[in-house]
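> predicted structure and sequence below. I'll ask about it afterward.
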Amino acid sequence: MKHILANIQIGINENLFVKDPYSSELGKKIIHHSIVMIEKIGFEAFTFRKLGQTIDSPEASIYRYFENKNQLLAYLISWYWGWKEYQLVFETANITSAEKRLEKSIAIISNNMKEEITINEININKLHRIIICESSKSYLTKEVDKANKEGTYSNYKQFVSRIVEIIKEINPNYKYPNMLLSTIIEGAHLQVFFAEHLPRLTNIQKTEDYVSKFYIELALKAIKK
């Protein structure tokens, strides 16, 4: 799979950048090193000045690609969900059972990313860590409605829509497919975070896939009730 996904192209809404970072080597460096830095020091401590020092480029040159660090974070999150959708389509293509496709989808959401994967200058493992710790900061903001109208969350919503269709296939009468799926996604990320930092808020198990097993059981019981 790593080889097959090595050169995929993810569509990103044009409102999420000033200049396409993949149009130049500098832009690619900005993407690569911003992921490394945000994963290491956190989004709050990350600045374009620090990024410029790391890539040996003037801070002003970064602003030619992104208006601010919030736009850059939104770009990275959008790219992640575009990649997740690609992964979802690829890994469920030959599964005929809707239930098995849903189980696979939840496993993809909850994957703890042990295998090192780099695609288009992006370290998927580090980006996954950013999603867990930082992604809610892209929509828990006063500007969320404006960002939504501009298509900031389109890749995320498209990913959700694909799995919602699987839920409807299992039970067309289930009333809360979108609510269930968004709860699973956000909850799975929180459970990973809790396990590392606030363990008394979760139930850590010996098996690595315990988070996906929990949400698969939760989802199937809810849908079939």
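Right, received. Where do you want to start? Residues are numbered from 1 along each chain as shown.
> so what's the nearest residue in space to residue 137 that is not next to it in sequence up against?
With Cβ to Cβ, 6 or more residues apart in numbering as the measure, residue 43 is the residue that lies nearest to residue 137, at 6.2 Å, once sequence neighbours are left out. Every C-beta, even on glycine, is put in place using the N, C-alpha and C of the backbone. Taking Cβ atoms under 8 Å, 6 or more residues apart in numbering as the definition of contact, the neighbours of residue 43 are 69, 73, 130, 133-134, 137.
> likewise residue 148?
Residues near residue 148 by Cβ under 8 Å, 6+ apart: none.
> what's the answer for the one 5 residues further on, then?
Residue 153 sits next to 78, 138-139, 147 when contact means Cβ under 8 Å, 6+ apart.
> please repeat the previous calculation with a cut-off of 7 Å.
When contacts are counted by Cβ atoms under 7 Å, 6 or more residues apart in numbering, residue 153 touches residue 139.
> and it, how far is that from residue 101?
Look at residue 153 and residue 101: by Cβ to Cβ, to the nearest Å, they are 24 Å apart.
> in this structure, which spans are helices?
With DSSP state H, the ranges of helices along the chain come out as 25-41, 48-55, 59-62, 69-92, 98-110, 124-134, 144-149, 154-170, 177-197, 210-224.
> can you list the strands that the helix-or-strand element of the chain with minimal mean pLDDT pairs with?
Least confident helix or strand, the chain: strand 118-119 with a mean of 84, by mean pLDDT, DSSP states H and E. If you go by DSSP bridges, strand 118-119 pairs up with strand 122-123 (antiparallel).
> check the offset of the partner strand from the chain's centre.
12 Å (Cα atoms, centre = their mean, to the nearest Å).
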